[in-house]
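S.K.: need coordinates for the following:
(one chain, ligands or ions: 3)
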Amino acid sequence: MKIPMMIDAVRNKNPLIHNITNQVVVNFTANGLYALGASPVMANAVEETADMARNADALLLNIGTLTSDQVEAMIEAGKVANEKGIPVVFDPVGVGATPYRNQVAAKILEEVNVSIVRGNAGEVSQLAGLEAEVRGVDASGITEGKAIARHAVEALGVPVLVTGKTDVITDGKQLFEASNGSSLLTKVTGTGCLLGSVVAAFLASHPDEAVVKAATAAVTFYNVAAEQATEHANGPGSFQMAFLDALAETTNRTVSANVNIKHHILSEE
Ligand SMILES: Nc1ncnc2c1ncn2[C@@H]1O[C@H](COP(=O)(O)OP(=O)(O)OP(=O)(O)O)[C@@H](O)[C@H]1O
Ligand SMILES: Cc1ncsc1CCO
Ligand SMILES: [Mg+2]
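M.R.: Ligands and ions are numbered 1, 2, ... in the order given. Model prediction:
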């Protein structure tokens, strides 16, 4: 299936996305998923996360404001998602900023089979053991996304999506460079976090496509919607509203007219 068309299956399926995410972005994530045509649910209590994951079509784990109870809940939910065979997206927010975050990220990757890791250049560099400066949740990337992604897929053994001006998505066999987007996305908190949930919705709606292709479709749809929203925005505040509208209104035709992706087959070196 052509990448710009892949939004249609999300809207038809209306997948239920179980989000265990940070407290900064809960509301934005729920509204963004509704606008996309998916259904959000947030459930963090360790007593119920396994049951909620059983109902879901995909699971999003985001360690932005983690607590020890939440980590336990993430692992419970992740194990159920693995048993059930639904996709799991892992967003290692702020990894590298504190030792606790590093320990938790490593534990999640050890105990849960994640379908894809989504992070900015600094976070994915840290996770993969490359040097990078992460002070809070923002990164000052020192290496280009493509090199980080190729190193990370090797080090982690799972597909990765490294976001930035150009997004890089690879599973080690193929690599996509996706160059749509708007710099206003970097002025609103949680646009990376919401993207993780949007990737989860695309994976849930395309079980027969390669994870990297569905993730590329997600980031491209998302970033074309951001380009559309920029035309109606005066700054970060009005952009946030216009972006939710654009997630609801952007069609596969608009994506086709604006898509900017390069696809590479990686040689077996
Ligand atoms: N300079 C840029 N120009 C255009 N689009 C960008 C730029 N930087 C990031 N983006 C887009 O913004 C979105 C969020 O990516 P980003 O790398 O900023 O995530 P993040 O740092 O994890 O965000 P957050 O922590 O606030 O959730 C992605 O869709 C990405 O493609
Ligand atoms: C600002 C912030 N702090 C922890 S999580 C988060 C949301 C964006 O990653
Ligand atoms: Mg982030």
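
S.K.: what is the host helix or strand of A218 packed up against?
M.R.: If you go by DSSP states H and E, A218 is part of helix 211-230. When contacts are defined as 3 or more CB pairs under 8 Å, 6 or more residues apart in numbering; DSSP states H and E, helix 211-230 sits against strand 116-120, strand 160-163, strand 167-170, strand 174-178, helix 191-205, helix 236-249, helix 252-258. Bear in mind the C-beta positions are built from the backbone N, C-alpha and C, glycine included.

S.K.: let's have the ones you listed in TSV, adding mean pLDDT, mean neighbour count and distance to ligand 3.
M.R.: Formatted as TSV, the helices and strands packed on helix 211-230 follow (pLDDT from 0 to 100; neighbours: other CB atoms under 10 Å; distance: least, CB to the ion, whole Å):
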stretch	mean pLDDT	mean neighbour count	distance to ligand 3
strand 116-120	98	27	5
strand 160-163	98	29	8
strand 167-170	98	28	13
strand 174-178	97	21	17
helix 191-205	99	28	4
helix 236-249	98	18	16
helix 252-258	98	15	24
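
S.K.: so which of those is nearest ligand 1?
M.R.: helix 191-205 (2.4 Å; CB to the nearest ligand atom).

S.K.: for the helix holding A218, the distance to its chain's centre please.
M.R.: 11 Å (CA atoms, centre = their mean, to the nearest Å).

S.K.: just the CA coordinates for that helix, please, in PDB.
M.R.: Listed next in PDB are the C-alpha coordinates belonging to helix 211-230 (Å, rounded to 0.1, in the frame of the first residue of the first chain):
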ATOM      1  CA  VAL A 211       6.800  -1.700  11.100                       C
ATOM      2  CA  VAL A 212       9.100   0.800   9.500                       C
ATOM      3  CA  LYS A 213       6.800   1.400   6.700                       C
ATOM      4  CA  ALA A 214       3.800   2.000   9.000                       C
ATOM      5  CA  ALA A 215       5.900   4.200  11.200                       C
ATOM      6  CA  THR A 216       7.000   6.300   8.200                       C
ATOM      7  CA  ALA A 217       3.400   6.700   7.100                       C
ATOM      8  CA  ALA A 218       2.600   7.900  10.600                       C
ATOM      9  CA  VAL A 219       5.300  10.500  10.800                       C
ATOM     10  CA  THR A 220       4.700  11.700   7.300                       C
ATOM     11  CA  PHE A 221       0.900  12.100   7.800                       C
ATOM     12  CA  TYR A 222       1.700  13.900  11.100                       C
ATOM     13  CA  ASN A 223       4.200  16.200   9.700                       C
ATOM     14  CA  VAL A 224       2.100  17.100   6.600                       C
ATOM     15  CA  ALA A 225      -0.800  17.900   9.000                       C
ATOM     16  CA  ALA A 226       1.700  20.200  10.900                       C
ATOM     17  CA  GLU A 227       2.600  21.900   7.600                       C
ATOM     18  CA  GLN A 228      -1.100  22.500   6.900                       C
ATOM     19  CA  ALA A 229      -1.600  23.900  10.400                       C
ATOM     20  CA  THR A 230       1.300  26.300  10.100                       C
END
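
S.K.: related to what we said a few turns ago, I'd like the helices and strands packed on helix 211-230 laid out as JSON lines, including distance to I265.
M.R.: JSON lines is the format used below for the helices and strands packed on helix 211-230 (distance: least, CB to CB, whole Å):
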{"stretch": "strand 116-120", "distance to I265": "19"}
{"stretch": "strand 160-163", "distance to I265": "17"}
{"stretch": "strand 167-170", "distance to I265": "11"}
{"stretch": "strand 174-178", "distance to I265": "6"}
{"stretch": "helix 191-205", "distance to I265": "21"}
{"stretch": "helix 236-249", "distance to I265": "31"}
{"stretch": "helix 252-258", "distance to I265": "23"}
